[in-house]
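Visitor: sequence plus the predicted model coming up.
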Amino acid sequence: AEAEQPSRRRIPKNDFAVRSRSDDRIGGSINLQPKRAGNRPLTRATLTYLSDAHIGGSFDVGRRFANGRVGGRINGAVRRGEVAIDGENRRAMLLGAGLDYRGADVRLSLDLGYQKIRVERLRPKVTVTSFIPRVPRADANYAQPWTYTELEDLFGTARAAWDAARDTLGAAPIRRAASR
């Protein structure tokens, strides 16, 4: 997920984060918290200027209705242009939406997201084997002009929580993702 979609990133610091490792690497997870409509209305638009050849924009709108019980938030971003590597062009488009309901004993939420990223002339990685080649310039691009990579993701999460009794909570998350 692109930077505009989650409202918060949380890195769990517990013994599971240390134990869940493979080989000699320490593993763990990063929890991305979806954006929710706040108690106050939000309308934000931002223009992004990374260089004279890479520009973009984003928006974020959130509202609560029905005396604050129902909320909706939608955000999106578009960026495109050449980056610091010669001839490498990037295009990114994303859209996220979140709906939630806050009842006395029940909380429901639905989060949906879509992103499409295309990188033309993505500089390939170099693996050194029997000899060490000359180090290229930092902005050098040795990718072929016709190469590109494209990622497209559609994902969603639905959650329900019910306060069954004073000290009892029932919760059920459902997640689904599709990538191309």
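Guide: That came through fine.

Visitor: what helix or strand is residue 173 on?
Guide: According to DSSP states H and E, residue 173 maps onto strand 168-179.

Visitor: any chance you could list what contacts that strand?
Guide: The contact list for strand 168-179 (C-beta atoms under 8 Å, 6 or more residues apart in numbering) reads 151-164. Yep, even glycine has a C-beta here, placed from its N, CA and C like the rest.

Visitor: repeat that for stretch 48-65.
Guide: Outside stretch 48-65, the residues touching it (C-beta under 8 Å, 6+ apart) are 4, 35-39, 41-47, 70-84, 90, 92.

Visitor: which ChimeraX command selects the buried ones in the contacts of strand 168-179?
Guide: In ChimeraX, this line selects whichever of the contacts of strand 168-179 come out buried by 16 or more other C-beta atoms under 10 Å:
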select :153,155,157,159
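
Visitor: which two in the contacts of strand 168-179 are spaced the farthest apart?
Guide: 151 and 164 (41.1 Å; C-beta to C-beta).

Visitor: now the lengthiest strand in the chain against strand 168-179, angle please.
Guide: Longest strand of the chain, by residue count under DSSP state E: strand 148-165. Here the directions of strand 148-165 and strand 168-179 differ by 170 degrees (axes from the mean of the first three to the mean of the last three C-alpha atoms, to 10 degrees).

Visitor: so what strands line up beside strand 148-165?
Guide: Using DSSP bridges, the strands paired with strand 148-165 are strand 106-120 (antiparallel), strand 168-179 (antiparallel).

Visitor: now do that strand: distance to the chain's middle.
Guide: Centroid separation for strand 148-165 versus its chain: 12 Å, with C-alpha atoms, centre = their mean, to the nearest Å.

Visitor: any residues touching that strand, and which ones?
Guide: Defining contact as C-beta under 8 Å, 6+ apart, one finds that strand 148-165 is touched by 1, 34, 105-122, 169-180.

Visitor: can you rerun that using 6 Å?
Guide: Residues from elsewhere that reach strand 148-165 (C-beta atoms under 6 Å, 6 or more residues apart in numbering): 105-120, 122, 169-180.

Visitor: for ChimeraX, what selects the buried ones among the residues you listed?
Guide: The buried subset of these, as determined by 16+ other C-beta under 10 Å, is captured in ChimeraX by this line:
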select :107,109,110,111,112,113,114,115,117,118,119,120,122
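
Visitor: just give me the neighbour total for the residue lying closest to residue 122 once chain neighbours are set aside.
Guide: Leaving out its chain neighbours, the residue that sits closest to residue 122 by C-beta to C-beta, 6 or more residues apart in numbering is residue 149, at 5.2 Å. By the criterion of other C-beta atoms under 10 Å, residue 149 has 10 neighbours.
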